[in-house]
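[1] my questions concern the predicted model and sequence given below.
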Amino acid sequence: MRLRTRNRTGHLGEFPLALFVLLFFVSFPAVNLLGLATGAATMYLLAHTSATRAAAQEQYENALSGVKEEAESFLKTGFASFSRLKPCGGFEMCGCDLFVTATNYRTQEVLTFGPNTPVPPPVDASNFIYEYSCRTTCEVGPTVNLSNLPFIGAIPGIGKPVELTCVAHRAVEHPKGLGESEAASTSGADKYFQSRVTAPGQEPQDETQVVASGWNYPNLYQMIEAAGQVVVASTVLQVPANKGSLTDTTLTVAPGQRLWFDFKADGQWSFEPGRFTDADGSYGLYGNRGTSVQWNSSFPAGDFTQGSLVGHIITPGEAYASPGSFFFVGKDKRDYEPKTSGSVALMMNDSFNSFHDNEGVLTVRIVVTEAK
């Protein structure tokens with residue numbers, strides 16, 4: 001009887017070839033596809049984060065530098081390295097271009113400015129809604145170099161790099177800063193109120209930037225028009241909770257004119273540790289009333305909810321604001337006619353020595369109107 005044995009050498013010799021085919025024609029292209037998806041997601045997040053940061057800045061040059069910083073930060077992440085992101089052009093070769101789109105809410109006319117240049121004067125915030133558009137362009141991948149493989153090497157994103165573009169939009173929160181220099185924004189009445197109407201021995205605190213979000217009343221201008229009024233002036237600013245002095249809005253109100261207020265939907269601040277509230281304030285240590293600050297004429301009276309947003313009309317030559325001169329703003333103050341005329345200023349309602357432990361800011365839109 002003859003025994004026959006099977007020769008397995010041929011099968012083992014084919015294994016490296018099969019592994020090569022599996023890796024280079026299946027696994028590695030799949031890795032590159034994953035890198036392409038990661039790169040696209042990173043660019044999408046970069047565009048939205050950059051637009052959000054730009055929208056919260058008070059000056060155009062700060063918005064532009066903020067976009068560059070966000071781009072440089074994202075391009076250093078592990079996701080960017082994995083997908084081999086490389087910026088293509090953009091402001092100072094960061095891969096991002098910043099545009100400004102102005103839409104006339106009455107005529108629907110759309111104007112585009114940029115890239116990376118301020119809006120030429122005049123900036124008309126009473127008729128136009130301004131929006132930042134961040135356009136991000138980068139070269140993506142491939143994660144694994146397959147350029148020498150036939151067929152696969154010619155496929156964009158898998159065998160060779162591909163250029164992608166993402167665009168994100170955010171409403172400009174400080175339209176006046178689109179065409180003004182930083183020096184212009186820090187001059188004038190704001191310095192007067194910070195130095196004159198302040199707590200003894202307490203310096204004004206620096207304001208902080210917040211992430212942009214939706215407004216409580218996105219149709220505010222339509223409401224104004226329906227009330228038979230026209231916009232005289234408007235602005236968007238941040239009121240810090242820990243600032244023990246009035247924040248000047250740079251707006252003035254004349255006899256017969258009215259004030260409309262709106263807030264970011266996610267806006268909250270705290271008047272004591274752990275007690276966050278919106279512009280309406282909350283029940284504090286003193287019940288439904290604010291803290292008693294009658295002994296210091298720079299702060300609101302105790303007739304308003306603690307932690308609420310209150311306003312004051314500063315008259316020329318006024319050094320201190322008496323408690324009875326404040327008015328309650330809250331989060332639903334619209335179509336309000338002040339009793340006096342002058343400069344509009346805002347602050348949190350809190351006691352004289354309690355501002356140091358406050359946290360947060362409120363982003364406020366103020367519109368001055370008059371009858372048609």
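    Thanks, I have the structure now.
[2] can you list the weak-confidence ranges in the protein?
    1-26, 180-214, 266, 283-303, 319, 323, 352-353 (pLDDT under 70).
[3] right, and the helix or strand after the lengthiest helix in it?
    The longest helix of the chain (DSSP state H) is helix 28-55. Next helix or strand after helix 28-55 toward the C-terminus (DSSP states H and E): helix 60-74.
[4] what helices or strands is the helix or strand that that following helix is followed by leaning on?
    Per DSSP H and E, the first helix or strand lying C-terminal to helix 60-74 is helix 78-82. Under the contact definition 3 or more Cβ pairs under 8 Å, 6 or more residues apart in numbering; DSSP states H and E, helix 78-82 sits against helix 28-55. For every residue, glycine as well, the C-beta is placed using N, CA and C.
[5] hey, what's the residue nearest to residue 246 when sequence neighbours are not counted bridged with?
    Excluding the flanking residues, the one nearest residue 246 by Cβ to Cβ, 6 or more residues apart in numbering is residue 345, at 3.9 Å. Going by DSSP bridges, residue 345 is paired in beta bridges with residue 248, residue 312.
[6] pretty sure residue 345 is touching residue 243, no?
    No: using Cβ atoms under 8 Å as the test, residue 345 is too far from residue 243 to be in contact (11.3 Å).
[7] now for residue 108, how many residues are close by?
    Using other Cβ atoms under 10 Å, residue 108 is surrounded by 7 other residues.
[8] nope, residue 100 is what I was after
    24.
[9] which strand residues bridge it?
    Residue 100 has these beta-bridge partners by DSSP bridges: residue 113, residue 132.
[10] quick one: residues contacting it.
    Contacts for residue 100 (Cβ atoms under 8 Å, 6 or more residues apart in numbering) come out as 112-114, 119, 130-133, 172, 178.
[11] select only the buried ones of those in PyMOL?
    Selection command for PyMOL covering only the buried members of those, criterion 16 or more other Cβ atoms under 10 Å:
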select buried, resi 113+114+119+130+131+132+133+172+178
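[12] helices of the stretch 201-350 of the chain, start to end?
    220-226 (DSSP state H, counting those that start in this stretch).
[13] what are the ranges of the strands in it?
    229-240, 247-253, 258-263, 269-270, 276-277, 309-314, 326-328, 342-348 (DSSP state E, counting those that start in this stretch).
[14] could you dump these to CSV with mean neighbour count?
    Conversion of those to CSV gives the following (neighbours: other Cβ atoms under 10 Å):
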stretch, mean neighbour count
strand 229-240, 20
strand 247-253, 21
strand 258-263, 22
strand 269-270, 20
strand 276-277, 18
strand 309-314, 24
strand 326-328, 20
strand 342-348, 23
